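> Next one to model:
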Amino acid sequence: MVVPIVQGAPLVAIVGPTAAGKSALAVAVAGSLNGEIINYDSVQLYRGFDIGSGKLASQERQGIPHHLLDCLEAQEEFTAGDYRREALRVLAEVKERGKLPVFVGGTGLYLRALFMGLFDGPPRSEELRSRLRALVERRGREFLHRLLERLDPGAAARIQPRDAQKAVRSLEVCILARTPISAMQARGRSGLEGYRVLKVGLHPERTELCRRIDKRVEWMFAHGLVEETRSLLARKDSSPLKALGALGYRQASAFAHGQMSLPDAVSQTQAATRRYAKRQMTWFRHEAGITWFSGFGDDPRIQDQVIDALRESSVAADS
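Have a look, this model is predicted:
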């Protein structure tokens, strides 16, 4: 039986590694329990990123409303804070309709930001970020980390010296707020209120998961991933497309630029995706309140088990 971790209106979150069939399970749950689906995958937010992100085709959604899909242009930046704001807005609308919110995706940080909240830091400054990134280009990532050590030793201790993205954000907060980001984070944050969150986890057998990942990557490259990537690269936007750094798109871009062969692009994507799936499981194992199911979300037996468990928890929205 799935055990709720907070009281209030029911909310289901499906977690697990990539290629575990989370989207198929979400459609089955929403279809059976009068739900609507809310995406928490960072790449599926973007228009035009369809094949490489594993986005369900419209016919596969079976008429069930899907939210936070195709809501960003490729050049737009989107933070965990942005996600929390938009997810709260959609949640309120789904609740108003009397439907069951079913979250599905693979970006654990987004889900954590929604459920646990974020510290109240200053809004991002693109001008300051550009200056900090220029420092990285001129002096290297380690120089930026040493600068962070002087301004906020606590934050620097938690950030790897070569993790420029996190170092930039930490320095940005320190400079704009004139307060160490570690001190601001220590003040606490406000979590999600008014919802009874039920987390369903998929834990498929590792060998079969790796086989599915390999087959899925082969399918993506055979069904237009390179062409999709070339179309995105051909856009006239002046800013770089951050989502092109995602798995599959990064390797397809390298192939499109003549930097690697197609077989290498496929095999490197397969290996990187297997590693990513392992990191996802490590992340979600540290999350509290997850009820795990040993199998794939497109397996009717697993779907029935999950739906029965959720019904026992009385999460079905009123029709």
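> From here on, just use CA atoms for contacts and neighbour counts.
Noted.
> Going by neighbour count, list what's buried in stretch 14-33.
Neighbour-count burial for stretch 14-33, with 16 or more other C-alpha atoms under 10 Å as criterion, is recorded at 14-31, 33.
> What's the local residue count around residue 257?
Each residue near residue 257 was counted by other C-alpha atoms under 10 Å, and the total is 11.
> Same question for residue 60.
Residue 60 has 12 nearby residues by other C-alpha under 10 Å.
> cool, and residue 157?
12.
> What of the one 10 residues further on?
Here the neighbour count serves as a burial measure; for residue 167 (other C-alpha under 10 Å) it reads 26.
> ranges for the strands of the stretch 151-300 of the chain?
195-202, 290-293 (DSSP state E, counting those that start in this stretch).
> lowest-pLDDT helix or strand in the chain?
In the chain, the helix or strand scored least confidently by mean pLDDT, DSSP states H and E is helix 181-186, which has a mean of 76.
> what helices or strands is that helix leaning on?
helix 153-158, helix 164-177 (3 or more C-alpha pairs under 8 Å, 6 or more residues apart in numbering; DSSP states H and E).
> ranking those helices by burial, who's on top?
Of all the helices and strands packed on helix 181-186, helix 164-177 has the most neighbours on average by mean count of other C-alpha atoms under 10 Å, namely a mean of 20.
> Which strand residues bridge residue 12?
residue 102, residue 198 (DSSP bridges).
> In this structure it contacts residue 102, no?
Yes - if you go by C-alpha atoms under 8 Å, residue 12 and residue 102 touch, sitting 4.8 Å apart.
> Give me the angle between the helix ranked longest in the chain and strand 195-202.
Longest among the helix segments of the chain by residue count, using DSSP state H, is helix 262-285. Here helix 262-285 runs at an angle of 130 degrees relative to strand 195-202 (axes from the mean of the first three to the mean of the last three C-alpha atoms, to 10 degrees).
> So for helix 262-285, mean pLDDT?
The average of the pLDDT scores along helix 262-285 is 95.
> Any buried residues in that helix, and which?
Within helix 262-285, the residues that count as buried by 16+ other C-alpha under 10 Å are 262, 265, 266, 268, 269, 270, 273, 274, 277, 280, 281, 284.
> ok, these vs residue 106, which is closest?
residue 280 (7.6 Å; C-alpha to C-alpha).
> give the contact list for that closest one.
16, 17, 18, 106, 108 (C-alpha atoms under 8 Å, 6 or more residues apart in numbering).
> just checking, which of those residues belong to helices?
Per DSSP H, the subset of the contacts of residue 280 in helices is residue 108.
> can I get the contacts of residue 280 in TSV with pLDDT?
What follows is the contacts of residue 280, written out as TSV (pLDDT from 0 to 100):
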residue	pLDDT
16	97
17	97
18	96
106	93
108	92
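> Report the two of the contacts of residue 280 separated the most.
Greatest spatial distance in the contacts of residue 280: 18 and 108, 11.6 Å, computed using C-alpha to C-alpha.
> what's the burial count for the closest residue to residue 170 other than its chain neighbours?
Residue nearest to residue 170 in three dimensions, not counting chain neighbours: residue 181, with 6.0 Å by C-alpha to C-alpha, 6 or more residues apart in numbering. Applying other C-alpha under 10 Å, we find 23 residues neighbouring residue 181.
> cool, and the one 3 residues further on?
Residues contacting residue 184 under the criterion other C-alpha under 10 Å number 16.
> Now distance to residue 257 too, for the contacts of residue 280, in TSV please.
Shown next, in TSV, are those (distance: C-alpha to C-alpha, whole Å):
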residue	distance to residue 257
16	33
17	30
18	27
106	28
108	31
